[in-house]
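Novice: Sequence first, predicted coordinates after that:
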Amino acid sequence: MAAGKQKKKVLIRPNSFCLVCDEKDLQEPNYQRVFYTCSEYCCRAIHKGISSLSMKNLREKDAKRNYSQNGYQLACAYFVLRKSNQTLSGLEVMDNIRDNFGKKVSFKSKSFNNMFFYFENNIKREKINGKLQYSVVDKTIPFNQVLKSKYAEHLFEERV
């Protein structure tokens, strides 16, 4: 090996199933890609942004809100909550996301509190010792089935 050149490491991923649909058939990570999802469809779906400008058919009161989440951050947060055997605070969720998936620019939220309202009923929020704690009710439900319908329709509009 020439001086100054380092051997590339094969990338690793924390998930053994697709972040979107729970498909077990994932490609093996290589030097360039980690393959968090099973297909191009799932990959494109979670990399869409959720904003009032890009979403169709928003009610007037919703159109005034500034939605700035992306499906990837929501999918990673849901993965972390599903994997955890205990309740987590909003900051702990974000810390675990960064530990598992790296410090990516797309992880804009500082706490899970901002993301909680994108999910339907499968994430439980309770106050324990004065702090909001989050946990997943049914860990068998994949990410593409836990979002509120208007967000799921936006992200997964091709197959919904």
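Specialist: Cool, the structure landed. Residues are numbered from 1 along each chain as shown.
Novice: Skipping adjacent residues, who's closest to D25 in space?
Specialist: Closest residue to D25 apart from its sequence neighbours, by CB to CB, 6 or more residues apart in numbering: C38 at 5.9 Å. (C-beta placed from N, C-alpha, C; glycine too.)
Novice: Count the residues that sit near S106.
Specialist: Counted with other CB atoms under 10 Å, the neighbours of S106 add up to 13.
Novice: For the chain, which segments count as helices?
Specialist: Taking DSSP state H as the test, the helices found in the chain are 40-46, 60-63, 71-83, 90-101, 149-155.
Novice: and L132, which of those is closest to it?
Specialist: L132 lies closest, by CB to CB, to one member of the helices of the chain: helix 90-101, at 6.3 Å.
Novice: gap between the closest one and the chain center?
Specialist: Counting by CA atoms, centre = their mean, to the nearest Å, helix 90-101 is centred 11 Å from the centre of its parent chain.
Novice: Mean confidence (pLDDT) on it, please.
Specialist: For helix 90-101, mean pLDDT is 91.
Novice: give me every residue that touches A75.
Specialist: If you count contacts by CB atoms under 8 Å, 6 or more residues apart in numbering, A75 has them with L19, V20, Y36, I46, F143.
Novice: which two in these are spaced the farthest apart?
Specialist: Pairwise distances across the contacts of A75 (CB to CB) peak at 11.0 Å, for the pair Y36 and F143.
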